[in-house]
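Student: Provided below for reference: sequence and predicted model.
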Amino acid sequence: MKAVADSLWKQVREDFPILAREVHGRPLVYLDNAATSLTPRPVLAAMNHYYEHANANVHRGLHTLSAEASEAFEQARDKVQRFIGARGRESVVFTRGATSALNLAARAWARPRLARGDVILVSELEHHANLVSWHIITKETGAKLRFIPLADDGTWRIDLLPELLQGPVKMVSVAHVSNVLGGINPVKEVIAQAHAVGAKVMIDAAQSVGHMPMDFQALDADFLAFSGHKMCGPTGIGVLCGKAELLDDMEPVEGGGDMIVHVGWEESTWNLLPYKFEAGTPPIAEAIGLGAACEFLGGIGLDRVRAHTQELTELAARTLDGMDGVHVYGPLVGRLGPVAFAVDGVHPHDVATLLDGEGIAVRAGHHCAQPLHTKLGASATARASFYITNQPEDVDRLVAGLQVVQEVFGVR
Ligand code: PLP
């Protein structure tokens, strides 16, 4: 059984041409998947095919190339819809990424509906995309933020939820998987409790879609935001998935081509969903690439993707935390992807730079989660993040790399 699994992941790795390269004379170990994942051949091929065979704008031309481009673009929407279990294609709005998707819902749903004193509930581990987007809204509306606090192990204090949901809580917007602590958050429970008090729920699924099975209808969130480039797709494309009745009731935030039915001198009428929110020429090749990424991951199986990623993440968290002078932030189990850590006596930037010299790509900094780092008592952390292109040997290389770091800094 294990041999079958090993050969599957070996085969998966062969689909990523970049893994053949060396960095500083060492075979690349790519552990920065939470920032952006690597891109497999079928995704590259789908985007190339568009540019080589059907390079035209969508929805507007009567010529063959435009018709083919439109068809490929809309098929990509259908692939995304099936991949995340949305009820209909009208729920799938293409955006520039998770950040644009979160901002779109904040602006189009929340801004007109929130008033002074209303509450938006987020958690202490949010990415800036799910925090600053709300700062803009609170500034404009007088609504305020409330936070689900973290327990010492970096998990949510879910026991406090009934208390936190008291009062005029209109929106709950939380991360499914933390991009720093890696914990898989109990969003289903949050959704059920939030709905019971009449609040809407948005899930920042930037680190979960494409990493584990996703069923938008079963989850019963009101909005779901994610990026293509963290799930084997290209940059420049993401999705805001929303319940159709909510999207239908929202005004667009951008006006221009494609999002209208009729334009007069003084006013216009909006197009149907999802086009109402897709003003201007969309990222066509990128959407097609995202559709191909959905097929690629679906071909492997999302249960397998999750099991493999979680196994490696937890192995890395356990192993690093067991090293002298190394500390892992966040839970050691129930963890998917990111492993943020500190090496005693060495700044995270030096950790990342020295690991790069060993051919190992990790990230250092606050990972767009500055308030979380304040909570952790660290201005920065180093972060290794795992995905389907990784293998157990990568954990060994990381450990060996960290030993080099400790030797260079004389902290071993
Ligand atoms: N939310 C989370 C949890 C993330 O990890 C990220 C990116 O790191 C984002 C949102 C923003 O994604 P993007 O930069 O692709 O818009």
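Tutor: Good, I have the coordinates.
Student: please name the nearest non-neighbouring residue to V12.
Tutor: Spatial nearest neighbour of V12, chain neighbours left out: I388 (5.6 Å); criterion: CB to CB, 6 or more residues apart in numbering. C-betas here are computed from N, CA, C, even on glycine.
Student: dihedrals phi and psi, the one you found?
Tutor: phi -70, psi -20 (degrees, to the nearest 10).
Student: can you give me the strands for the stretch 251-400 of the chain?
Tutor: 260-263, 268-270, 326-328, 338-343, 360-361, 363-365, 381-385 (DSSP state E, counting those that start in this stretch).
Student: quick one, which of the ones you listed is nearest to E126?
Tutor: strand 338-343 (14.0 Å; CB to CB).
Student: for the closest one, packing partners?
Tutor: Helices and strands touching strand 338-343, by 3 or more CB pairs under 8 Å, 6 or more residues apart in numbering; DSSP states H and E, are helix 302-321, strand 326-328, strand 381-385, helix 392-408.
Student: what angle sits between that strand and helix 302-321?
Tutor: 10 degrees (axes from the mean of the first three to the mean of the last three CA atoms, to 10 degrees).
Student: ok, how many other residues are close to R335?
Tutor: 25 (other CB atoms under 10 Å).
Student: after the lowest-mean-pLDDT helix or strand in the chain, next one along is what?
Tutor: Within the chain, no helix or strand scores below helix 2-14, which has a mean of 90 by mean pLDDT, DSSP states H and E. The helix or strand immediately downstream of helix 2-14 is strand 22-23, counting by DSSP states H and E.
Student: just checking: what are the partner strands of that following strand?
Tutor: strand 26-27 (antiparallel) (DSSP bridges).
Student: so what's Q391 closest to, chain neighbours aside?
Tutor: W9 (6.2 Å).
Student: any idea how far the one you found lies from the ligand?
Tutor: 24 Å (CB to the nearest ligand atom, to the nearest Å).
Student: so who does that residue touch?
Tutor: When contacts are counted by CB atoms under 8 Å, 6 or more residues apart in numbering, W9 touches H308, I388, Q391.
Student: want to throw the residues you listed into TSV with distance to V197?
Tutor: As requested, those are exported to TSV (distance: CB to CB, whole Å):
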residue	distance to V197
H308	38
I388	38
Q391	45
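Student: ranking those residues by neighbours, who comes first?
Tutor: Counting by other CB under 10 Å, top hit in those: I388 with 28 neighbours.
Student: ok, that one - contacts?
Tutor: W9, V12, C232, L297, I300, V305, H308, T309.
Student: who wins on neighbours among these?
Tutor: That'd be C232 among the contacts of I388, by other CB under 10 Å, with 28 neighbours.
Student: could you look up the SS state of that residue?
Tutor: Following DSSP: H, G, I helix; E, B strand; the rest coil, we place C232 in the coil state.
Student: let me see the contact set for it.
Tutor: Counted by CB under 8 Å, 6+ apart, C232 has contacts S37, L38, T39, P40, V43, G210, A293, F296, L297, I388.
Student: distance of the nearest residue in space to P168 that is not next to it in sequence relative to H195?
Tutor: Leaving aside its sequence neighbours, P168 sits nearest to D118 (CB to CB, 6+ apart; 4.8 Å). In this view, D118 and H195 are 17 Å apart by CB to CB, to the nearest Å.
Student: more crowded one of those two?
Tutor: D118 (20 against 15).
Student: ok, which of the strands of the stretch 251-400 of the chain comes nearest the ligand?
Tutor: Closest to the ligand of the strands of the stretch 251-400 of the chain, according to CB to the nearest ligand atom: strand 338-343, at 8.3 Å.
Student: if we can go back for a sec, possible to save the contacts of W9 as a markdown table with distance to L247 and pLDDT?
Tutor: Formatted as a markdown table, the contacts of W9 follow (distance: CB to CB, whole Å; pLDDT from 0 to 100):
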| residue | distance to L247 | pLDDT |
| --- | --- | --- |
| H308 | 34 | 98 |
| I388 | 31 | 98 |
| Q391 | 41 | 98 |
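Student: nearest to the ligand, of the residues you listed?
Tutor: For the contacts of W9, the nearest to the ligand is I388 (17.1 Å; CB to the nearest ligand atom).
Student: which residues of this structure lie near the ligand?
Tutor: 34, 97-99, 127, 129-130, 175, 179, 204, 206-207, 227, 368 (CB under 6 Å from any ligand atom).
Student: ok, now with 8 Å
Tutor: Residues of the chain that fall close to the ligand, judged by CB under 8 Å from any ligand atom: 34-36, 96-102, 126-130, 175-179, 204, 206-207, 225, 227, 229-230, 235, 238, 367-368.
Student: what's the neighbour count on the residue lying closest to G233 once chain neighbours are set aside?
Tutor: Distances taken as CB to CB, 6+ apart place A293 nearest to G233, at 3.7 Å, with adjacent residues excluded. For A293, the neighbour count with other CB under 10 Å is 29.
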